[in-house]
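Undergrad: Quick one, structure for this:
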Amino acid sequence: MTSRRSIHPAGLSRREALLFEAGIKLGGVFHQYLGMPVSAATSAGVARTIERAVALQPYVVEVTVALDPSRGGPVGRGRYAYRYLVPEMLDVHVRLKDGPDEVEAELRHRPDLHYPLMTVVRAPRARAAGSGRRAPRRSARRT
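TA: Got it, this is the predicted structure:
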């Protein structure tokens, strides 16, 4: 049952700490990269750069970033016809793991809310060590 034991000063479980870390990583993407010049020609490279930067951080086992530069307003003309990276362009997914605990979260613009929402996608509770199988259900007998 070591996977549930708190290893954090605030008494958080590994799962709770991973959820916090996922939010920090998504918030970091949001606040660090907004305003960066981006165009259709550079968006894939910018997305890969963000992925590689986030992947350097603790607990990250997977990160995918998609940028859709068509979601921003046009700026400039000719050579300077780029857009600034805006929240509507971002679609970010992260998966973090610490021991048996794993969580997934995403950052996506929600048009219905007019807001870039960070959401927990998956955060299953880890099974206790050594419990690879579920115990069989016992039928209730009346006597």
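
Undergrad: drop to CA atoms for contacts and neighbour counts, all remaining ones
TA: Fine.

Undergrad: where do the strands sit along this protein?
TA: With DSSP state E as the criterion, the chain has strands at 37-38, 60-67, 83-84, 90-98, 101-110, 115-122.

Undergrad: right, so of those, which gets closest to residue 44?
TA: Closest of the strands of the chain to residue 44 is strand 60-67, at 7.0 Å (criterion: Cα to Cα).

Undergrad: Nearest to residue 10 among the strands of the chain would be which one?
TA: strand 90-98 (16.9 Å).

Undergrad: could you dump the closest one to PDB, C-alpha only?
TA: Listed in PDB are the C-alpha atoms of strand 90-98, where the atom choice follows Å, rounded to 0.1, in the frame of the first residue of the first chain:
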ATOM      1  CA  LEU A  90      -4.100  25.600 -28.200                       C
ATOM      2  CA  ASP A  91      -4.900  21.900 -27.800                       C
ATOM      3  CA  VAL A  92      -2.600  20.400 -25.200                       C
ATOM      4  CA  HIS A  93      -2.700  16.900 -23.600                       C
ATOM      5  CA  VAL A  94      -0.400  15.700 -20.800                       C
ATOM      6  CA  ARG A  95       0.000  12.300 -19.100                       C
ATOM      7  CA  LEU A  96       2.000  12.200 -15.800                       C
ATOM      8  CA  LYS A  97       3.100   9.100 -13.900                       C
ATOM      9  CA  ASP A  98       4.600   8.600 -10.400                       C
END
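
Undergrad: and the angle for it with strand 115-122?
TA: 30 degrees (axes from the mean of the first three to the mean of the last three Cα atoms, to 10 degrees).
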